[in-house]
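Asks: need a structure here:
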Amino acid sequence: MKLNMNVQKLFRRPLFGIFLLFGIIAVSTSWVCIATVDSQLSEEYETNSRGIAQTIADASVDIILNRDLSALQSLIDQFLEIQGISYIYIVNEDGEFLAHTFVPGIPGEILASDPADTGTVERVLSGADSYVEVGSPILAGVAGSVHIGMDKSVITLKIQQAVGRQMYLISSIFLVGIIAAIMLMNLAARPVEHLLTYAVQLARAEQEGEPVPGALLERDDEAGQLARLLLYFSRVADPEKAGALARPEAS
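Replies: From the prediction side, this is the model:
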(Lines give C-alpha, C1' and ligand atoms only; values in the text may rest on other atoms or scores of the structure.)
Protein backbone atom coordinates (compact mmCIF):
# COMPACT_ATOMS: atom_id res chain seq x y z
CA MET A 1 0.00 0.00 0.00
CA LYS A 2 1.35 3.38 -1.02
CA LEU A 3 1.48 5.98 1.73
CA ASN A 4 0.34 9.42 0.62
CA MET A 5 2.46 11.94 2.55
CA ASN A 6 0.43 14.93 1.32
CA VAL A 7 -2.05 16.13 3.93
CA GLN A 8 -4.89 18.54 3.29
CA LYS A 9 -4.29 22.04 4.69
CA LEU A 10 -7.33 21.62 6.90
CA PHE A 11 -5.61 18.79 8.78
CA ARG A 12 -2.04 20.09 8.91
CA ARG A 13 -2.47 21.93 12.21
CA PRO A 14 -3.96 18.89 14.00
CA LEU A 15 -1.13 16.81 12.57
CA PHE A 16 1.40 19.34 13.84
CA GLY A 17 -0.32 19.18 17.23
CA ILE A 18 0.14 15.40 17.27
CA PHE A 19 3.85 15.78 16.47
CA LEU A 20 4.18 18.41 19.21
CA LEU A 21 2.44 16.10 21.68
CA PHE A 22 4.82 13.28 20.81
CA GLY A 23 7.76 15.65 21.34
CA ILE A 24 6.48 16.75 24.75
CA ILE A 25 5.99 13.11 25.77
CA ALA A 26 9.51 12.22 24.63
CA VAL A 27 11.13 15.13 26.50
CA SER A 28 9.10 14.66 29.69
CA THR A 29 9.62 10.90 29.88
CA SER A 30 13.35 11.32 29.23
CA TRP A 31 13.60 13.91 32.00
CA VAL A 32 11.72 11.66 34.43
CA CYS A 33 13.90 8.71 33.43
CA ILE A 34 17.13 10.68 33.95
CA ALA A 35 15.99 11.99 37.35
CA THR A 36 14.77 8.57 38.50
CA VAL A 37 17.82 6.62 37.36
CA ASP A 38 20.18 9.25 38.76
CA SER A 39 18.44 9.22 42.13
CA GLN A 40 18.20 5.44 42.38
CA LEU A 41 21.75 4.74 41.21
CA SER A 42 23.24 7.43 43.41
CA GLU A 43 21.39 6.06 46.43
CA GLU A 44 22.37 2.49 45.55
CA TYR A 45 26.05 3.38 45.10
CA GLU A 46 26.09 5.37 48.31
CA THR A 47 24.47 2.55 50.28
CA ASN A 48 26.83 -0.08 48.87
CA SER A 49 29.87 2.11 49.49
CA ARG A 50 28.84 2.75 53.08
CA GLY A 51 28.49 -0.98 53.56
CA ILE A 52 31.98 -1.53 52.14
CA ALA A 53 33.37 1.26 54.30
CA GLN A 54 31.82 -0.35 57.37
CA THR A 55 33.29 -3.71 56.36
CA ILE A 56 36.76 -2.17 56.01
CA ALA A 57 36.34 -0.36 59.34
CA ASP A 58 35.42 -3.57 61.13
CA ALA A 59 38.25 -5.53 59.50
CA SER A 60 40.90 -2.87 60.15
CA VAL A 61 40.49 -2.57 63.92
CA ASP A 62 43.01 -5.25 64.82
CA ILE A 63 45.34 -4.19 62.00
CA ILE A 64 45.41 -0.60 63.23
CA LEU A 65 45.92 -1.67 66.83
CA ASN A 66 48.86 -3.83 65.71
CA ARG A 67 50.20 -1.00 63.52
CA ASP A 68 50.47 -3.36 60.54
CA LEU A 69 50.20 -0.70 57.84
CA SER A 70 51.19 -3.04 54.99
CA ALA A 71 48.29 -5.32 55.81
CA LEU A 72 46.04 -2.28 56.03
CA GLN A 73 47.19 -1.16 52.59
CA SER A 74 46.60 -4.65 51.20
CA LEU A 75 43.13 -4.65 52.71
CA ILE A 76 41.98 -1.50 50.95
CA ASP A 77 43.69 -2.32 47.64
CA GLN A 78 41.50 -5.36 47.10
CA PHE A 79 38.33 -3.27 47.28
CA LEU A 80 39.39 -1.10 44.34
CA GLU A 81 38.34 -3.93 42.02
CA ILE A 82 34.70 -3.20 42.82
CA GLN A 83 33.06 -1.19 40.05
CA GLY A 84 32.50 2.44 40.88
CA ILE A 85 35.04 2.74 43.70
CA SER A 86 37.88 5.07 42.72
CA TYR A 87 39.82 5.66 45.91
CA ILE A 88 39.97 4.63 49.56
CA TYR A 89 41.88 6.14 52.42
CA ILE A 90 42.06 5.56 56.16
CA VAL A 91 42.97 8.14 58.75
CA ASN A 92 43.54 7.77 62.48
CA GLU A 93 41.86 9.77 65.22
CA ASP A 94 44.38 12.60 64.75
CA GLY A 95 43.71 12.90 60.99
CA GLU A 96 46.95 11.18 60.00
CA PHE A 97 46.75 9.13 56.81
CA LEU A 98 47.46 5.47 57.57
CA ALA A 99 46.78 4.03 54.10
CA HIS A 100 45.40 5.27 50.80
CA THR A 101 45.09 4.34 47.13
CA PHE A 102 46.06 7.68 45.59
CA VAL A 103 48.82 7.66 42.98
CA PRO A 104 51.26 9.40 43.06
CA GLY A 105 50.07 11.28 46.12
CA ILE A 106 47.11 12.51 48.11
CA PRO A 107 45.26 15.34 46.29
CA GLY A 108 45.19 18.73 47.94
CA GLU A 109 41.39 18.68 48.11
CA ILE A 110 41.55 15.59 50.30
CA LEU A 111 44.30 17.01 52.50
CA ALA A 112 42.28 20.18 53.05
CA SER A 113 39.11 18.33 54.00
CA ASP A 114 37.97 17.32 57.48
CA PRO A 115 39.03 13.68 58.02
CA ALA A 116 36.55 13.26 60.84
CA ASP A 117 33.60 14.01 58.54
CA THR A 118 32.02 10.68 57.53
CA GLY A 119 28.99 12.18 55.80
CA THR A 120 28.32 12.20 52.08
CA VAL A 121 30.55 14.72 50.30
CA GLU A 122 30.79 15.59 46.61
CA ARG A 123 34.32 16.26 45.44
CA VAL A 124 35.94 17.43 42.21
CA LEU A 125 39.63 16.53 42.31
CA SER A 126 42.15 18.41 40.19
CA GLY A 127 42.42 16.95 36.69
CA ALA A 128 39.84 14.26 37.48
CA ASP A 129 36.13 13.60 37.39
CA SER A 130 33.52 14.24 40.04
CA TYR A 131 33.29 11.90 43.02
CA VAL A 132 30.91 11.16 45.86
CA GLU A 133 32.71 10.31 49.08
CA VAL A 134 31.28 8.43 52.04
CA GLY A 135 32.92 7.41 55.29
CA SER A 136 32.58 5.11 58.25
CA PRO A 137 34.10 5.56 61.72
CA ILE A 138 36.42 2.95 63.20
CA LEU A 139 35.44 2.08 66.77
CA ALA A 140 33.00 4.99 66.79
CA GLY A 141 35.76 7.31 65.61
CA VAL A 142 38.18 6.46 68.41
CA ALA A 143 40.53 4.64 66.01
CA GLY A 144 39.93 6.89 63.01
CA SER A 145 37.72 6.54 59.95
CA VAL A 146 37.52 4.94 56.50
CA HIS A 147 36.64 7.03 53.44
CA ILE A 148 35.58 5.73 50.02
CA GLY A 149 35.24 7.80 46.82
CA MET A 150 32.86 6.73 44.08
CA ASP A 151 33.30 7.85 40.47
CA LYS A 152 30.14 9.64 39.31
CA SER A 153 31.01 8.98 35.67
CA VAL A 154 29.89 5.37 36.20
CA ILE A 155 26.47 6.64 37.21
CA THR A 156 26.44 9.02 34.23
CA LEU A 157 27.27 6.16 31.87
CA LYS A 158 24.46 4.03 33.24
CA ILE A 159 22.07 6.96 32.88
CA GLN A 160 23.12 7.41 29.25
CA GLN A 161 22.57 3.72 28.59
CA ALA A 162 19.13 3.74 30.21
CA VAL A 163 18.07 6.93 28.43
CA GLY A 164 19.53 5.66 25.13
CA ARG A 165 17.39 2.52 25.28
CA GLN A 166 14.36 4.58 26.18
CA MET A 167 14.97 7.06 23.34
CA TYR A 168 15.33 4.16 20.90
CA LEU A 169 11.92 2.88 22.00
CA ILE A 170 10.35 6.35 21.92
CA SER A 171 11.84 7.05 18.47
CA SER A 172 10.36 3.82 17.15
CA ILE A 173 6.97 4.69 18.61
CA PHE A 174 7.29 8.23 17.25
CA LEU A 175 8.03 6.96 13.74
CA VAL A 176 5.11 4.54 13.82
CA GLY A 177 2.93 7.31 15.26
CA ILE A 178 3.87 9.69 12.44
CA ILE A 179 2.98 7.12 9.79
CA ALA A 180 -0.25 6.21 11.57
CA ALA A 181 -1.19 9.89 12.05
CA ILE A 182 -0.63 10.67 8.36
CA MET A 183 -2.67 7.64 7.32
CA LEU A 184 -5.51 8.57 9.68
CA MET A 185 -5.43 12.20 8.56
CA ASN A 186 -5.56 11.13 4.92
CA LEU A 187 -8.44 8.81 5.78
CA ALA A 188 -10.27 11.70 7.47
CA ALA A 189 -9.48 14.03 4.56
CA ARG A 190 -10.79 11.65 1.90
CA PRO A 191 -14.46 12.70 2.28
CA VAL A 192 -13.34 16.33 1.98
CA GLU A 193 -11.54 15.50 -1.26
CA HIS A 194 -14.63 13.69 -2.53
CA LEU A 195 -16.77 16.68 -1.59
CA LEU A 196 -14.45 19.10 -3.42
CA THR A 197 -14.48 16.84 -6.46
CA TYR A 198 -18.26 16.64 -6.31
CA ALA A 199 -18.55 20.45 -6.12
CA VAL A 200 -16.42 20.79 -9.26
CA GLN A 201 -18.44 18.11 -11.06
CA LEU A 202 -21.67 19.75 -9.96
CA ALA A 203 -20.56 23.13 -11.28
CA ARG A 204 -19.51 21.56 -14.58
CA ALA A 205 -22.81 19.69 -14.82
CA GLU A 206 -24.75 22.90 -14.22
CA GLN A 207 -22.81 24.72 -16.95
CA GLU A 208 -22.76 21.96 -19.57
CA GLY A 209 -26.10 20.35 -18.80
CA GLU A 210 -24.59 17.01 -17.91
CA PRO A 211 -26.16 14.60 -15.42
CA VAL A 212 -25.37 15.33 -11.79
CA PRO A 213 -23.11 12.62 -10.27
CA GLY A 214 -25.02 10.80 -7.57
CA ALA A 215 -22.44 8.56 -5.88
CA LEU A 216 -21.72 10.99 -3.08
CA LEU A 217 -25.43 11.79 -2.63
CA GLU A 218 -26.05 8.23 -1.46
CA ARG A 219 -23.75 8.51 1.54
CA ASP A 220 -25.40 8.86 4.95
CA ASP A 221 -22.55 10.73 6.64
CA GLU A 222 -21.69 14.44 6.82
CA ALA A 223 -20.08 14.35 3.37
CA GLY A 224 -23.34 13.07 1.87
CA GLN A 225 -25.35 15.69 3.71
CA LEU A 226 -23.08 18.48 2.43
CA ALA A 227 -23.27 17.09 -1.09
CA ARG A 228 -27.08 17.10 -0.99
CA LEU A 229 -26.97 20.61 0.46
CA LEU A 230 -24.77 21.78 -2.41
CA LEU A 231 -27.14 20.21 -4.90
CA TYR A 232 -30.11 21.89 -3.22
CA PHE A 233 -28.53 25.33 -3.31
CA SER A 234 -27.44 24.89 -6.92
CA ARG A 235 -31.01 24.12 -7.90
CA VAL A 236 -32.50 26.86 -5.74
CA ALA A 237 -30.23 29.32 -7.54
CA ASP A 238 -31.81 28.25 -10.86
CA PRO A 239 -35.51 29.25 -11.01
CA GLU A 240 -36.42 26.48 -13.47
CA LYS A 241 -34.79 23.80 -11.35
CA ALA A 242 -36.23 25.31 -8.20
CA GLY A 243 -39.70 24.85 -9.76
CA ALA A 244 -38.76 21.32 -10.66
CA LEU A 245 -37.89 20.69 -7.06
CA ALA A 246 -41.33 21.96 -6.03
CA ARG A 247 -43.20 19.68 -8.51
CA PRO A 248 -43.48 16.00 -7.71
CA GLU A 249 -41.80 13.67 -10.19
CA ALA A 250 -43.98 11.79 -12.56
CA SER A 251 -44.37 8.16 -11.73
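Asks: beta-bridge partners for the nearest residue to Tyr131 once chain neighbours are set aside, please?
Replies: Take Tyr131 and drop its neighbours on the chain: the residue closest to it by Cβ to Cβ, 6 or more residues apart in numbering is Gly149, 4.3 Å away. Where you see a C-beta, it was placed from the backbone N, CA and C, and this is true even at glycine. For Gly149, the beta-bridge partners under DSSP bridges are Tyr87, Glu133.
Asks: so how far is Thr118 from Gly149?
Replies: Distance from Gly149 to Thr118, counting by Cβ to Cβ, to the nearest Å: 13 Å.
Asks: more neighbours: these two, which one.
Replies: More crowded of Gly149 and Thr118, by other Cβ atoms under 10 Å: Gly149, with 25 against 20.
Asks: ok, now how distant is the more buried one from Gln40?
Replies: For Gly149, the distance to Gln40 - Cβ to Cβ - is 20 Å.
Asks: now Ile25
Replies: Here the criterion is Cβ to Cβ. By it, Ile25 lies 22 Å from Gln40.
Asks: contacting residues around Ser39?
Replies: Shown in contact with Ser39 (Cβ atoms under 8 Å, 6 or more residues apart in numbering): no residues.
Asks: excluding chain neighbours, give the residue nearest to Ser30 in space.
Replies: Nearest residue to Ser30, sequence neighbours excluded (Cβ to Cβ, 6+ apart): Val163, at 5.9 Å.
Asks: where's the one you found relative to Arg67, distance?
Replies: Counting by Cβ to Cβ, the separation of Val163 from Arg67 is 49 Å.
Asks: neighbour count winner among these two?
Replies: Neighbour count, other Cβ under 10 Å: between Val163 and Arg67, Val163 has more, with 17 against 9.
Asks: please verify my assumption that the more buried one contacts Thr29.
Replies: No: if you go by Cβ atoms under 8 Å, Val163 and Thr29 don't touch, sitting 9.7 Å apart.
Asks: which parts of the stretch 101-250 of the chain are strands?
Replies: 121-124, 130-137, 145-151 (DSSP state E, counting those that start in this stretch).
Asks: let me know which of these is the nearest to Pro104.
Replies: strand 145-151 (16.6 Å; Cβ to Cβ).
Asks: ok, back up a step: read off the pLDDT value for the residue nearest to Tyr131.
Replies: Note on Gly149: pLDDT of 88.
Asks: swap in Ala189?
Replies: Here, the pLDDT recorded for Ala189 equals 72.
Asks: begin at 25 from here
Replies: Taking 25 as the first residue, the last one we looked at is Ala213.
Asks: distance of it from Arg36?
Replies: 10 Å.
Asks: between these two, who's got more neighbours?
Replies: Taking neighbours as other Cβ under 10 Å, Ala213 and Arg36 compare with Ala213 leading, 17 against 11.
Asks: which residues does the closest residue to Val148 other than its chain neighbours contact?
Replies: Of all residues not flanking Val148 in the chain, Ser154 sits nearest, at 5.2 Å (Cβ to Cβ, 6+ apart). When contacts are counted by Cβ under 8 Å, 6+ apart, Ser154 touches Glu146, Arg147, Val148, Lys176, Ser177.
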